[in-house]
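**Q** pasting the sequence and the predicted coordinates here, then a few questions.
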Amino acid sequence: MNGKRPFAMKMDPGAAEVIAALHRAGYKAYAVGGCVRDSLMGKTPHDWDICSSALPEQVLAVFGEARCIPTGLKHGTITVKQSGGLYEVTTFRTEGTYTDGRHPDAVDFVTRVEEDLSRRDFTMNAMAYNDEEGLVDPFVGREDLLVRREIRAVGEPVQRFSEDALRIMRLFRFAAREQLGMDGATLDAALMLRGNLRRISAERIREEMLGLLAAKQPGRWMLPEIFGVILPEAAGDEAAFAHARRMIDAAPAVKEVRLAALLSGAGDEARAIMRRLRFDVKTIDAVCALVSLKDFAPETEAHALRAQTRRFLGRHGDECARHLCLLRAAQREAGEALPALDAFLSMAQAVRAQGICCSLKELAVSGDALIREAGVRPGPALGAMLAQLLEAVIDERLPNQREALLEAARAEECAE
Ligand code: ATP
Ligand code: MG
């Protein structure tokens, strides 16, 4: 680049149209933040944010109320519908003082894009672009991103992390996701102020942690110092945490598997930890099942393995079986002397392909039928009978056939 000819970036057509409409109305407007960063890295941005000198009511006037969603009016953000897509348009703003380490006390609208860029967290996230002016990069984010390959705070790192401690998590998440290094002063400040992460809501910590865990190999960015604050139960024991990180790197980026690797040392505490981080019940159940099954030993003899697999599928489901196999491969790669689960996984697939019974819902006889046709009493006796029949079917002592099962139930009833 010679500095005169504007640098050309491939713009999303909808974003370009929103920017053009704002320009026609006499306002400044740019694509900004993540989309500029991702474009410079040669990636296709997942969304395009726009910043503009237009005030929220002016954005409303340009696009008409019907095409606008007042997403964050207080903060100057309006979502505009354009060309079938949604674009957040945010008025240039600065953030006033932060007294709580989380939220600015007030936002002030400003007129220059450079001022807006100066409130952003990292230089690589503090770039704006439009086709007329090219790249607006007052903090040399492009060079940090592409040449130095380092994440650097905009301005004074200690101040920036003091304002908003979530930026500490964002630092490690971006580093892991983009495989970037960190500017020394930025890293030092993040470590120094890590205690402020305690002020950040559990939900935001959780989302950032999930972002980190979704990176290809996040292990080296999972610093014990940081996790000691956000997840002391998992990071307290240095050796155990190092092992968890090796497993995480060895595992594919499947949320449940990576969380189970992270919490595998926490045992029964895993549920309480996940509740504290306000995970949803489904994820908690899935991860806790994996943690409790982490030492699962498959039967070696084919018949026994078949019955064990059917019981497993009936109790824990197919997804749990697949995830456990992924976790096991990671455990083994990290050096744990546990048996491989390949034969178990093949058996699970064979069992499913054959459509054979693994749970009560696949049993050829219903509770109703047992009451009506075999004289079983409703209540606990019925539950026990169903469980007993299922066991017999899984152990292949009885075929999964309605008549045979009713017969067996009648025989049991008589015997009592
Ligand atoms: P992603 O690809 O993960 O969405 P992103 O950079 O778009 O990355 P967002 O959280 O969507 O991240 O935020 C959009 C932009 O807003 C960022 O690029 C950054 O400029 C700014 N930003 C977001 N969060 C903060 C923060 N906590 N402090 C300062 N600036 C922030
Ligand atoms: Mg984004």
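**A** Received the coordinates, thanks. Numbers count the residues shown, from 1 in each chain. Ligands and ions are numbered 1, 2, ... in the order given.

**Q** and A369, how far is that from L406?
**A** Here the criterion is Cβ to Cβ, to the nearest Å. By it, A369 lies 7 Å from L406. All C-beta atoms are positioned from the backbone trio N, CA, C, and that covers glycine.

**Q** same question but for L60, I mixed them up
**A** 70 Å.

**Q** residue of the protein closest to ligand 1, please.
**A** G34 (2.3 Å; Cβ to the nearest ligand atom).

**Q** now for that residue: which residues touch it?
**A** G34 is in contact with 45-47, 49, 125, counting by Cβ atoms under 8 Å, 6 or more residues apart in numbering.

**Q** 10 Å - rerun?
**A** 43, 45-49, 124-125, 174 (Cβ atoms under 10 Å, 6 or more residues apart in numbering).

**Q** farthest-apart pair in those, please.
**A** Spanning the widest gap among the contacts of G34 are W48 and F174, at 18.3 Å by Cβ to Cβ.

**Q** so for the two, which residue has more residues nearby?
**A** Higher neighbour count among W48 and F174: W48, with 26 against 23, using other Cβ atoms under 10 Å.

**Q** go ahead and confirm that one touches V36.
**A** Yes: contact criterion Cβ atoms under 10 Å: W48 and V36 qualify, at 9.2 Å.

**Q** confirm T94 sits in a strand?
**A** Yes: under DSSP: H, G, I helix; E, B strand; the rest coil, T94 falls within a strand.

**Q** run a quick neighbour tally on it.
**A** Using other Cβ under 10 Å, T94 has 15 other residues around it.

**Q** please tell me how far it sits from P104.
**A** The gap separating T94 from P104 is 9 Å, by Cβ to Cβ.

**Q** equivalent analysis for V140, please.
**A** 25 Å.

**Q** which one of these two is surrounded by more residues?
**A** In terms of neighbours (other Cβ under 10 Å), P104 is the more surrounded of V140 and P104; the figures are 18 against 15.

**Q** which residue comes closest to that one once chain neighbours are left out?
**A** Of all residues not flanking P104 in the chain, E95 sits nearest, at 3.5 Å (Cβ to Cβ, 6 or more residues apart in numbering).

**Q** show me what that neighbour is bridged to.
**A** Judged by DSSP bridges, the bridge partners of E95 are V107.

**Q** so for A369 and L406, which sits in the more crowded spot?
**A** Neighbour count, other Cβ under 10 Å: between A369 and L406, L406 has more, with 19 against 15.

**Q** quick one on the thing from earlier: who touches both of T94 and P104?
**A** When contacts are counted by Cβ under 10 Å, 6+ apart, the set common to T94 and P104 consists of R119.

**Q** what helix or strand is the residue nearest to I284 when sequence neighbours are not counted located in?
**A** In this structure, I284 finds its nearest non-sequential neighbour in M274, 4.6 Å apart by Cβ to Cβ, 6+ apart. According to DSSP states H and E, M274 maps onto helix 270-276.

**Q** go on, Q388?
**A** Q388 is part of helix 380-394 when elements are defined by DSSP H and E.

**Q** name the surrounding residues that touch that helix.
**A** With contact meaning Cβ under 10 Å, 6+ apart, helix 380-394 is reached by 306-311, 313-314, 356-360, 362-368, 370-371, 374, 376-377, 397-401, 404-406, 408-409, 412-413, 416.

**Q** among the residues you listed, which ones are buried?
**A** Among those, the ones that count as buried by 16 or more other Cβ atoms under 10 Å are 306-311, 313-314, 356-358, 363-365, 370-371, 374, 376, 398, 400, 404-406, 408-409, 412.

**Q** near ligand 1 too, which of those?
**A** With the criterion set as Cβ under 6 Å from any ligand atom, no member of those is near ligand 1.

**Q** hang on, the earlier thing: phi, psi of the residue of the chain closest to ligand 1?
**A** Phi and psi for G34, reported as degrees, to the nearest 10, are phi -50, psi -40.

**Q** can you check P399 too?
**A** Main-chain dihedrals, P399, degrees, to the nearest 10: phi -80, psi 150.

**Q** quick one: contacts for it?
**A** Contacts of P399 (Cβ under 10 Å, 6+ apart): 357, 364, 392-393, 405, 408.

**Q** nearest to L197 among these?
**A** Compare each of these with L197 using Cβ to Cβ and the shortest gap goes to C357, at 49.3 Å.

**Q** quick check: phi and psi on the closest residue to the closest one other than its chain neighbours?
**A** Nearest non-adjacent residue to C357, counting by Cβ to Cβ, 6+ apart: N400, 4.4 Å away. Dihedral pair for N400: phi -80, psi 70, per degrees, to the nearest 10.

**Q** distance check, N400 against K361.
**A** Separation of N400 from K361 (Cβ to Cβ) stands at 12 Å.

**Q** do G85 as well
**A** Noted for G85: a distance of 42 Å to K361, by Cβ to Cβ.

**Q** quick one: which of those two has more around it?
**A** The neighbour comparison of G85 against K361 (other Cβ under 10 Å) goes to G85, with 15 against 8.

**Q** quickly list what the more buried one is bridged to.
**A** Beta-bridge partners of G85, counted by DSSP bridges, are Q82.

**Q** use 12 as the first number from now on
**A** All right, first residue 12 from here; so that's G96.

**Q** and it, what is it in contact with?
**A** With the criterion set at Cβ under 10 Å, 6+ apart, G96 makes contact with 23-26, 28-29, 58-59.

**Q** can you select the buried ones among these for me in PyMOL?
**A** Buried members of the contacts of G96, defined by 16+ other Cβ under 10 Å, are picked up in PyMOL with:
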select buried, resi 23+25+26+28+29+59
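
**Q** phi, psi for the residue lying closest to E219 once chain neighbours are set aside please.
**A** Nearest non-adjacent residue to E219, counting by Cβ to Cβ, 6+ apart: M180, 3.6 Å away. Phi and psi for M180, reported as degrees, to the nearest 10, are phi -70, psi -40.

**Q** residues near A395, how many?
**A** A395, neighbours per other Cβ under 10 Å, totals 12.

**Q** measure it to E424 for me?
**A** According to Cβ to Cβ, A395 and E424 sit 12 Å apart.

**Q** now list whatever residues contact both of these two.
**A** Shared contacts of A395 and E424, defined by Cβ under 10 Å, 6+ apart, comprise V387.
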